[in-house]
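Chemist: sharing a sequence plus its predicted fold:
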Amino acid sequence: MSSDRRVSAVLPLLRPQAGRWAALGVLTAFGAGLTVIGPLVVRSIVDRAVEGTDADTIRRLAFVFLVIVIAAQVVSVLVARSATYAAWATTNELRMRMARHVLGLDHEFHRQHTPGELIQRVDGDVTSVSDLLGRVLPKAVGSAILVAGMVIVVSAIDWRIGVGMAVYVVAAVAAVLVMRHRAVEESADEMGAYARLYGGIEERLNASEDLRANGAGSHAMWRFVEDSAGALDRSVRRESAFLGMWWGVQGAVVGGVVASVLAGAVLVSNGAITVGTAFLLFQYVLLIQRPLEEVVHELETVQKATGAMRRVLALMQVEPTVLDHGRTSPAAGPLAIEFSSVSFDYGDDDPVLHDVDLTLQAGRSVGVVGRTGSGKTTFSRLVLRLVEATAGQVNVGGVPIADVPMRELRRRAALVPQEVELFNGTIRENVTLFDSRHSDAAVADALHSVGLGALADGGIDRPLGGGGAGLSAGEAQLLAMARVWLRDPDLVVLDEATARVDPVTERRIEEAMRELMRGRTTIVIAHRLSTLSEVDDIAVFEAGRIVEFGARETLVADPDGRFRRLLDLALEPDRAPSEGMLA
Ligand SMILES: Nc1ncnc2c1ncn2[C@@H]1O[C@H](COP(=O)(O)OP(=O)(O)OP(=O)(O)O)[C@@H](O)[C@H]1O
């Protein structure tokens, strides 16, 4: 995509605020017109003074000039104000569209892009576009009208001077644009270096506990130092490219002023133009200085916005693989799950699940066990349609999962994840996930049902504490269960609900699970077999395949079965792995 096409990609953004932008265009043209007329009045004053016209006429002309200058200033303030407003209205729409788009992208996309990088895209890059629209675009349009107006006025006086002025402007702008090529590249590189730096900082801050606990602080810091040095190097290169352009413009301006003064002196002495016209030329050349300087100043904004626009467009072109075109709602009540020859890979042609067949009747619960990396979590992602099967068919409630509207699937299926995210808000907000429609009684009931009654009794509008401080990992998982309880879904996936908790909390979680399972279809992914004492069925995963599936009681009774062997292993303390019973 060429850079011009990228800049033109901004134009469709203006459409929703077209009226505002049109009014701004008229105001800008009016302001430029006033700036062109001002020196014409001065020209009259000078010529009349040379001719010896009466003082009253000159005073009147001076007053007209004063009014024009004040009006031009007022208009420029109005232009700046309404341009900022129009730019924010326009880019806020873009921000919203991008945020919605990013949130709709795949699990895999979010795994590959840090939140910091995405914030930089949705906010930082869009702010660059906003600067372009709110500051540069009105200035560019105003400058173009100003220069065109000056060339027309001068041509009307003497077409040869008009041509000279046009050639001068075109040559000066062309020279700056040629120099910009290097600046463009440097600017894009600098933005990329900063995105990497901020993305890295954000990721390391999130993982600070893990990094510190594993003694990886110094490696992480070293990476930060490398990224910072890279960003500094790019900044210096970009700065020197822009400095080169700046000196180019200063040379062009000084050359223009010298040429206009010399040409004016020669033409006046030849009698070709009046002193007032020579003065007009001098003023016009000075007026050209501002647009030329702005080309340099604002080119940086244009470069940033161009790079930003390129990244925004690239992001908007990322298509989710999980599409929401479904129109069929499964019947009300618990949802049956059916996997027919389902295979899945994460895009690297290395299948994580192979030919998985499984039928879980509505309202039943299945315990999913297997070694680390055997595909249990991936299986649950397919059930929740966070990823799409590479081959085969997943049905939910008898309906192909792709035919179920995403909104309905999200409403009827819920997940208690391995890592529970807690928000810096009240207990209520953490349970309701900021949905204000739930009553106090419903929130308290949800907390009581999962054994967090003490939290509810102290008042649900108390802050939970920054980042959920004060809740253990097990309590956080209970709180996640309360969220699910409140939503009352038809399908629940509990991912490793008892990992990393003490026996007392494990017991509380088991009781909460029992409550949660009632009247719903439930998938429990567990490392500890004791968690599975309540489930109806068991599926044993091994290297991405289901190697055993059946009613729990049947599998327990089969001495040669894999689940039975896992149970025996768990019951023999000498042979049981120390950390989790299956991990
Ligand atoms: N987002 C991903 N991108 C690429 N590969 C992945 C991704 N998630 C998991 N995998 C790979 O898929 C395989 C199965 O992972 P999965 O998390 O489903 O296993 P699991 O049985 O749930 O393991 P655990 O018990 O450790 O959670 C592993 O080899 C893992 O490395």
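Modeler: Sure thing, it's come through.
Chemist: name the SS class of E548, please.
Modeler: strand (DSSP: H, G, I helix; E, B strand; the rest coil).
Chemist: which one is it nearest to, not counting chain neighbours?
Modeler: Take E548 and drop its neighbours on the chain: the residue closest to it by Cβ to Cβ, 6 or more residues apart in numbering is V540, 4.0 Å away. Quick note: C-beta positions are derived from backbone N, CA and C, even for glycine.
Chemist: report the secondary structure state of the one you found.
Modeler: strand.
Chemist: in the protein, which helix or strand is least confident?
Modeler: helix 3-8 (a mean of 50; mean pLDDT, DSSP states H and E).
Chemist: what distance separates the helix or strand following it from the centre of its chain?
Modeler: Where DSSP states H and E defines the elements, the next helix or strand beyond helix 3-8 is helix 11-14. Counting by Cα atoms, centre = their mean, to the nearest Å, helix 11-14 is centred 19 Å from the centre of its parent chain.
Chemist: which neighbouring elements make contact with helix 11-14?
Modeler: helix 55-103 (3 or more Cβ pairs under 8 Å, 6 or more residues apart in numbering; DSSP states H and E).
Chemist: what mean pLDDT does the helix it packs on have?
Modeler: Helix 55-103 shows a mean pLDDT of 90.
Chemist: so is the helix or strand that comes right after it next to the ligand?
Modeler: Following helix 55-103 in sequence order, the next helix or strand is helix 107-112 (DSSP H and E). Yes - Helix 107-112 lies within reach of the ligand by Cβ under 6 Å from any ligand atom, at E108, R111.
Chemist: please enumerate the helices of the stretch 251-400 of the chain.
Modeler: Using DSSP state H, counting those that start in this stretch, the helices found in the stretch 251-400 of the chain span residues 275-317, 376-383.
Chemist: out of those, which gets the lowest mean score?
Modeler: helix 275-317 (a mean of 83).
Chemist: by how many degrees do that one and helix 55-103 diverge?
Modeler: Interaxial angle, helix 275-317 versus helix 55-103 (axes from the mean of the first three to the mean of the last three Cα atoms, to 10 degrees): 10 degrees.
Chemist: which strands and helices lie in contact with helix 275-317?
Modeler: helix 3-8, helix 18-51, helix 55-103, helix 126-131, helix 137-157, helix 159-206, helix 217-270.
Chemist: nearest to the ligand, of those?
Modeler: The ligand sits nearest to helix 159-206 of all the helices and strands packed on helix 275-317, at 15.8 Å, using Cβ to the nearest ligand atom.
Chemist: helices or strands up against the closest one?
Modeler: Short answer (3+ Cβ pairs under 8 Å, 6+ apart): helix 159-206 packs on helix 115-119, helix 137-157, helix 217-270, helix 275-317.
Chemist: and the following helix or strand past it, how far from the chain's centre?
Modeler: Note on helix 159-206: by DSSP H and E, the next helix or strand toward the C-terminus is helix 208-213. Here helix 208-213 is found 27 Å from its chain centre; the criterion is Cα atoms, centre = their mean.
Chemist: list the buried residues of helix 208-213.
Modeler: Of the residues in helix 208-213, L211 count as buried by neighbour count, 16 or more other Cβ atoms under 10 Å.
Chemist: cool, stretch 358-367 as well?
Modeler: The neighbour-count check on stretch 358-367 (16+ other Cβ under 10 Å) flags L358, L360, A362, G363, R364, S365, V366, G367 as buried.
Chemist: what about that stretch, near the ligand?
Modeler: No - Stretch 358-367 stays clear of the ligand (Cβ under 6 Å from any ligand atom), getting no nearer than 13.2 Å.
Chemist: end-to-end on that stretch?
Modeler: With Cα to Cα, to the nearest Å as the measure, stretch 358-367 spans 12 Å from end to end.
Chemist: and for stretch 538-551?
Modeler: One end of stretch 538-551 to the other measures 6 Å (Cα to Cα).
Chemist: can you name the residues in contact with that stretch?
Modeler: Applying Cβ atoms under 8 Å, 6 or more residues apart in numbering, the contact partners of stretch 538-551 are 351-358, 366-371, 374-376, 378-379, 532, 536-537, 552, 555, 561-563, 566.
Chemist: do stretch 68-82 as well
Modeler: 20, 23-24, 27-28, 30-31, 34-35, 37-38, 41, 135, 138, 142.
Chemist: is stretch 507-525 up against the ligand anywhere?
Modeler: No - judged by Cβ under 6 Å from any ligand atom, stretch 507-525 stays clear of the ligand, getting no closer than 6.6 Å.
Chemist: so for that stretch, mean pLDDT?
Modeler: Mean predicted lDDT for stretch 507-525 stands at 88.
Chemist: swap in stretch 204-219?
Modeler: Here the average pLDDT along stretch 204-219 is 79.
Chemist: just the CA atoms of it, as CSV, please.
Modeler: Coordinates of each C-alpha in stretch 204-219 appear next as CSV, following Å, rounded to 0.1, in the frame of the first residue of the first chain:
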residue,chain,number,x,y,z
ARG,A,204,7.0,-7.6,32.7
LEU,A,205,5.0,-5.5,35.2
ASN,A,206,2.2,-8.1,34.9
ALA,A,207,4.6,-10.9,35.5
SER,A,208,6.7,-9.1,38.1
GLU,A,209,5.9,-11.6,40.8
ASP,A,210,6.8,-14.6,38.6
LEU,A,211,10.0,-12.9,37.4
ARG,A,212,11.1,-12.0,40.9
ALA,A,213,10.3,-15.3,42.4
ASN,A,214,12.3,-17.1,39.7
GLY,A,215,15.2,-14.8,40.0
ALA,A,216,14.7,-13.6,36.4
GLY,A,217,14.5,-9.9,37.4
SER,A,218,17.9,-9.0,36.0
HIS,A,219,17.3,-10.8,32.6
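Chemist: quick one: it to chain centroid distance?
Modeler: With Cα atoms, centre = their mean as the basis, stretch 204-219 stands 26 Å off its chain's centre.
Chemist: which residues does it contact?
Modeler: Contacts of stretch 204-219 (Cβ under 8 Å, 6+ apart): P115, A220, R223, F224.
Chemist: excluding its backbone neighbours, what's nearest the third one?
Modeler: Just to be clear, that refers to R223. Closest to R223 by Cβ to Cβ, 6+ apart is G200, at 6.4 Å.
Chemist: which residues sit in contact with that neighbour?
Modeler: By Cβ under 8 Å, 6+ apart, the neighbours of G200 are T114, G116, R223, F224, D227.
Chemist: repeat that for 7 Å
Modeler: Residues near G200 by Cβ atoms under 7 Å, 6 or more residues apart in numbering: R223, F224, D227.
Chemist: just P320 next, same as before
Modeler: Neighbours of P320 in contact, by Cβ under 7 Å, 6+ apart: G104, L105, D106.
Chemist: state the distance from it to the ligand.
Modeler: To the ligand, P320 is 15 Å away according to Cβ to the nearest ligand atom, to the nearest Å.
Chemist: separation between the closest residue to V129 other than its chain neighbours and the ligand?
Modeler: Spatially, and ignoring its direct neighbours in sequence, V129 is nearest to A305 (5.1 Å; Cβ to Cβ, 6+ apart). Distance, A305 to the ligand, by Cβ to the nearest ligand atom: 34 Å.
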